[in-house]
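> Quick one, structure for this:
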Amino acid sequence: SSCEKCDFETDLCKALNELNLQPGWIRRNGRSNMGPPYSDHHGNESACFLSLSSEMQFSSATLRTNVFLPTDEEHICQITFHYWISPMGGTLMVGLQKRSEDTITTIWQVSGDLKNQWKSNTITINSTEKYEV
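Numbers count the residues shown, from 1 in each chain. The predicted structure follows:
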């Protein structure tokens, strides 16, 4: 019913369930001596963001939101996020899983061609049933 903003400063945000933070994901900032990025998308070195740990460079890790309610003409879902792809490359995917289905449908993805810079993307989601992203 209203927009919620998430910056990872105090927690994993209401949309991300802490139980859904799979191994490999860590909440950190640019000062954590883990390599780039050295700041968030605003250039703030002390601001927090989620990152894959270096041990995960040849693996995959998933973040799952809590369950969202169905959308309609009056209630749409838009998710805007900022992302960084390291020089080691990789692919970032956003998927949609309806509660009635076992499969995850990829609704957006980017591969490692935009390296060492923050990018932003907004996804609009329409679903007639409950779903997770």
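
> going forward, measure contacts between C-alpha atoms and count neighbours the same way
Fine.

> show me where this structure has strands.
All strands of the chain, identified by DSSP state E, fall at 16-21, 25-29, 48-52, 63-65, 77-84, 91-98, 105-111, 118-125, 131-132.

> Quick one: closest of the ones you listed to residue 7.
Nearest to residue 7 among the strands of the chain is strand 48-52 (7.0 Å), distances taken as CA to CA.

> Give me the contacts around the closest one.
With contact meaning CA atoms under 8 Å, 6 or more residues apart in numbering, strand 48-52 is reached by 7-9, 24-30, 40, 61.

> next one: stretch 28-45
Here stretch 28-45 has contacts from 46-51, 82, 84, 86, 116, 118-119, using CA under 8 Å, 6+ apart.

> Least reliable of the strands of the chain by average pLDDT, please.
If the strands of the chain are sorted by mean pLDDT, strand 16-21 sits at the bottom with a mean of 56.

> The strands of the chain: which one's closest to residue 71?
Nearest of the strands of the chain to residue 71, taken as CA to CA: strand 77-84 at 6.8 Å.

> How about residue 25: which residues does it bridge to?
Beta-bridge partners recorded for residue 25 (DSSP bridges): residue 52.

> got it, and residue 105?
residue 96.

> how close does it get to residue 44?
Separation of residue 105 from residue 44 (CA to CA, to the nearest Å): 34 Å.

> re earlier: narrow the contacts of strand 48-52 to those that are buried.
Listed as buried from the contacts of strand 48-52 are 24-25, 28-30, 40; burial here means 16 or more other CA atoms under 10 Å.

> quick revisit: how about the contacts of stretch 28-45 in CSV, adding neighbour count?
Formatted as CSV, those follow (neighbours: other CA atoms under 10 Å):
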residue, neighbour count
46, 15
47, 18
48, 21
49, 21
50, 15
51, 16
82, 12
84, 20
86, 17
116, 15
118, 16
119, 13
